[in-house]
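Novice: sharing a model prediction with you, sequence too.
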Amino acid sequence: MPEVLVIVPTYNEIESLERIVGRLRQSFPDADVLVVDDASPDGTGALADRLSASDPSVHVLHRARKEGLGLAYLAGFAEALRRDYEYVVEMDADGSHDPADLPAMVAIARDEDADLVIGSRWVPGGAVRNWPWLRRAISRVGNGYARWVLRSRIRDLTAGYRVFARRALVSLDLAHVAAQGYGFQVELAWRIERSGGVVLEHPITFVERATGRSKMHPGIVVEALAWVTWWGITGRTRHEDRRPARSAG
């Protein structure tokens, strides 16, 4: 059985899903793919079923309604743990994350015995393409604020391209993850780092989607900032004994 499962959450991604799954299968043919669709009204779920019917390595999890990125990933994590995958990957469906980076990220997780490998935009060698200056500034400032408040060494806490070791997911209390959106990504990375897990960052080039509509909106940013502030106020004293994250690449 493959040791890697790539979770691709979808909502109205019919224009990009087939392309990203094809690129992923080409770049990392040994991985399985799990499309987690939130009842997309544009037919994304039906397309995922057709991809699965033609490729046994592609699986589909249909959810009853749109409930947010965090809950979609939690559903995917539960399926990955149930099926005993050793490494579980988060990847966007819109093509922003290059599947060609995945073999190196999984190799780092395996060779460095890392609990979490983050595809990072904000470490040396990382980059962002086709973002307006305002969105770039929001990401930079938001990450800087989160690092300061949480006393984290992770440069890209909000990044959505990740490789988790199975043991890291098992060690987290996933039933009580509080946040969604960017806050979800911050929460998981911070909890692994705070507990002493090995968190490595690998530089990637993030490319803004060419098709479909971005799911980013001001409410996601506000929610993330609110949670980060709360965690900083209530949890700062529990950070003292963790090991720092390291940067790879």
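Specialist: Good, I have the coordinates.
Novice: now name the helix or strand holding the nearest residue to residue 77 once chain neighbours are set aside.
Specialist: Distances taken as C-beta to C-beta, 6 or more residues apart in numbering place residue 169 nearest to residue 77, at 5.5 Å, with adjacent residues excluded. Heads up, the C-betas are built off the backbone N, CA and C, glycines and all. Using DSSP states H and E, residue 169 falls within helix 166-171.
Novice: returning to what we had before: need the contact list for the residue nearest to residue 77.
Specialist: 77, 80-81, 88 (C-beta atoms under 8 Å, 6 or more residues apart in numbering).
Novice: for the helix holding residue 169, what does the pLDDT average out to?
Specialist: Averaging pLDDT along helix 166-171 gives 96.
Novice: pull out the buried positions in stretch 41-56.
Specialist: 44-45, 47-48, 51-52 (16 or more other C-beta atoms under 10 Å).
Novice: please save the CA atoms from that stretch in CSV.
Specialist: Output of stretch 41-56 as CSV, limited to C-alpha atoms (Å, rounded to 0.1, in the frame of the first residue of the first chain):
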residue,chain,number,x,y,z
PRO,A,41,-22.6,22.9,-7.0
ASP,A,42,-20.4,23.2,-10.1
GLY,A,43,-20.0,19.5,-10.6
THR,A,44,-16.5,19.1,-9.0
GLY,A,45,-17.6,16.1,-7.0
ALA,A,46,-18.9,14.3,-10.1
LEU,A,47,-15.6,15.1,-11.9
ALA,A,48,-13.7,13.6,-8.9
ASP,A,49,-15.8,10.5,-9.2
ARG,A,50,-14.9,10.1,-12.9
LEU,A,51,-11.2,10.6,-12.1
SER,A,52,-11.5,7.9,-9.4
ALA,A,53,-13.2,5.5,-11.7
SER,A,54,-10.3,5.7,-14.2
ASP,A,55,-7.5,5.7,-11.6
PRO,A,56,-7.6,3.4,-8.5
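Novice: distance-wise, check the residue nearest the centre of the chain relative to residue 53.
Specialist: Centroid-nearest residue in the chain: residue 160, 3.2 Å away (criterion: C-alpha atoms, centre = their mean). With distances taken as C-beta to C-beta, to the nearest Å, residue 160 is found 28 Å from residue 53.
Novice: one more: residue 30?
Specialist: 21 Å.
Novice: derive a ChimeraX selection command for the buried subset of the contacts of residue 169.
Specialist: Under the burial definition 16+ other C-beta under 10 Å, those of the contacts of residue 169 that qualify are selected in ChimeraX by:
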select :77,80,88
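Novice: tell me which of the contacts of residue 169 fall in helices.
Specialist: Among the contacts of residue 169, the ones falling in helices (DSSP state H) are 77, 80-81.
Novice: now distance to residue 114 and pLDDT too, for those residues, in TSV please.
Specialist: Shown next, in TSV, are these (distance: C-beta to C-beta, whole Å; pLDDT from 0 to 100):
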residue	distance to residue 114	pLDDT
77	17	97
80	17	97
81	18	97
